[in-house]
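K.L.:
What shape does this take:
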Amino acid sequence: MRKKKVVVGMSGGVDSSVAAYLLKEQGYEVIGVTMQIWQEEAQEKPGREEGGCCGLSAVEDARRVAQFLGIPYYVMNFRKEFREKVVDYFVGEYLHGRTPNPCIACNRYVKWESLLHRSLAIGADYIATGHYARVERLANGRYAICHSVTAAKDQTYALYSLTQEQLAHTLMPIGSYEKDKIRSIARELGLPVANKPDSQEICFIPDHDYAGFIDRETKGQAPGPGNFVTAGGETLGVHKGITHYTIGQRKGLELAMGRPVFVTQIRPETNEVVIGEGEDVFSKELLCGQVNYMAMEEGELDAKGTRRAVAKIRYAHKGAGCRIEKAGEGRIRCTFEEPVRAVTPGQAVVFYEDGYVLGGGTIIRE
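P.N.:
Okay, the predicted model is just below:
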């Protein structure tokens, strides 16, 4: 009987390295692949030895791990896809006054769509990653992402947009382990990346200066200074440009108001940033579009009218009880049991039930 073949996306970190080891131990034919998605060799900055998932160090570390495990290893070039689906999207969203999540776009369109397509073309049955999440097939026949056993590292939020076809060909072997156990396995094996720190940054903006990156990408054409205003239209001062701000922001406003104030809205059409009080940052409902249904089918909301769920409105959000209902084609309205802070257009809202991802979408307005 032929061994099932799996392509493991190897970032050079401990999680994907242990994922490759676990799958080999489970009897799969494992192939390691690093996706070259951003920097050219000449662009790699000195002092970035730990790197993210895109740099040269990722390739070097992943190659060493593959050699250690005795598995084939390749580097695949996905720079074109990454540029179009992630970087251009990231810049465009900020220019339109929204706050995007580039990791979600990268997962959906690059790490899955492009890598899966290429992997199936070379005869693989599955792709696998080092994400802290699990893939399960439910009683209704649908595939769904569910929480990993380690809440602190759970990555289900960033995976809500995967399709049924993608999930059917996906393995996530470390979702059943605590992070400490993964480190322990790596050390016991003597993996060369056992003590490598986790990457905590957007890989293509290591200095966290989003506005500076956008200015460079647009060759200085990003919106410049405009007015801070109240919801009623009173001018309070001058801001640095809308790409410097996000909903709920308090620090860095440089407004002498004598009390804490917050960004409550960004208006790209007038180049204004709206400022309000703490209570103005809370919302009772939101509307999302570009909905992806996962554990539930779209028709389930039509039939039931509303459904109770837990919603996460950002990666670090603990989740809030809500009711969801269909609000037109490809849209869901979410009404929270208690107001939530900083509902941000451009970010994802992900709906859960009993630890499974029901689906999610992109927040388009409150």
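K.L.:
got the contact list for Met296?
P.N.:
142, 307, 353, 358-359 (C-beta atoms under 8 Å, 6 or more residues apart in numbering). (C-beta placed from N, C-alpha, C; glycine too.)
K.L.:
Identify those among the residues you listed that sit within strands.
P.N.:
307, 353, 358-359 (DSSP state E).
K.L.:
and Ala316, how many neighbours does it have?
P.N.:
Applying other C-beta atoms under 10 Å, we find 7 residues neighbouring Ala316.
K.L.:
circling back: what about the ones in strands among the contacts of Met296, which one has the most neighbours?
P.N.:
Gly359 (26 neighbours).
K.L.:
Apart from its chain neighbours, what residue comes closest to it?
P.N.:
Setting aside the residues directly before and after it, Gly359 is nearest to Tyr293 in space (C-beta to C-beta, 6 or more residues apart in numbering), at 4.3 Å.
K.L.:
Can you tell me how far the one you found is from Gly330?
P.N.:
10 Å (C-beta to C-beta, to the nearest Å).
K.L.:
cool, and Val261?
P.N.:
35 Å.
K.L.:
Of those two, which one has the most company?
P.N.:
Val261 (20 against 13).
K.L.:
I'd say the more buried one and Val273 touch.
P.N.:
No - Val261 is beyond contact range of Val273, at 10.9 Å (criterion: C-beta atoms under 8 Å).
K.L.:
and which of the contacts of Met296 is nearest to Gly212?
P.N.:
Ranked by distance to Gly212 (C-beta to C-beta), the contacts of Met296 are led by Gly359 at 35.0 Å.
K.L.:
Which of the helices or strands spans Glu334?
P.N.:
To be clear, residue 334 is Cys; Glu isn't right here. In this structure, Cys334 sits in strand 332-341 according to DSSP states H and E.
K.L.:
Phe82 too?
P.N.:
Going by DSSP H and E, Phe82 is in helix 79-82.
K.L.:
buried sites along that helix?
P.N.:
With burial defined by 16 or more other C-beta atoms under 10 Å, the residues of helix 79-82 counted as buried are 79, 81-82.
K.L.:
related to what we said a few turns ago, adjacent strands (with direction) for the strand holding Cys334?
P.N.:
Strand 332-341 has these partner strands in its sheet, going by DSSP bridges: strand 282-293 (antiparallel), strand 320-326 (antiparallel).
K.L.:
would a markdown table of these with distance to Glu25 and mean neighbour count be doable?
P.N.:
Converted to a markdown table, those look like this (distance: least, C-beta to C-beta, whole Å; neighbours: other C-beta atoms under 10 Å):
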| stretch | distance to Glu25 | mean neighbour count |
| --- | --- | --- |
| strand 282-293 | 33 | 19 |
| strand 320-326 | 39 | 18 |
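K.L.:
how about these in JSON lines, adding mean pLDDT and distance to Glu254?
P.N.:
Listed next are those as JSON lines, based on pLDDT from 0 to 100; distance: least, C-beta to C-beta, whole Å:
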{"stretch": "strand 282-293", "mean pLDDT": "97", "distance to Glu254": "24"}
{"stretch": "strand 320-326", "mean pLDDT": "97", "distance to Glu254": "32"}
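K.L.:
Arrange those in JSON lines, one row each, with distance to Gly13 as further columns.
P.N.:
JSON lines is the format used below for the strands paired with strand 332-341 (distance: least, C-beta to C-beta, whole Å):
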{"stretch": "strand 282-293", "distance to Gly13": "27"}
{"stretch": "strand 320-326", "distance to Gly13": "31"}
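K.L.:
out of those strands, nearest to Asn107?
P.N.:
strand 282-293 (11.6 Å).
K.L.:
How about residues contacting that closest one?
P.N.:
Outside strand 282-293, the residues touching it (C-beta under 8 Å, 6+ apart) are 160-163, 298, 313, 327, 330-336, 339-341, 343, 348-349, 358-366.
K.L.:
How far off centre is it?
P.N.:
17 Å (C-alpha atoms, centre = their mean, to the nearest Å).
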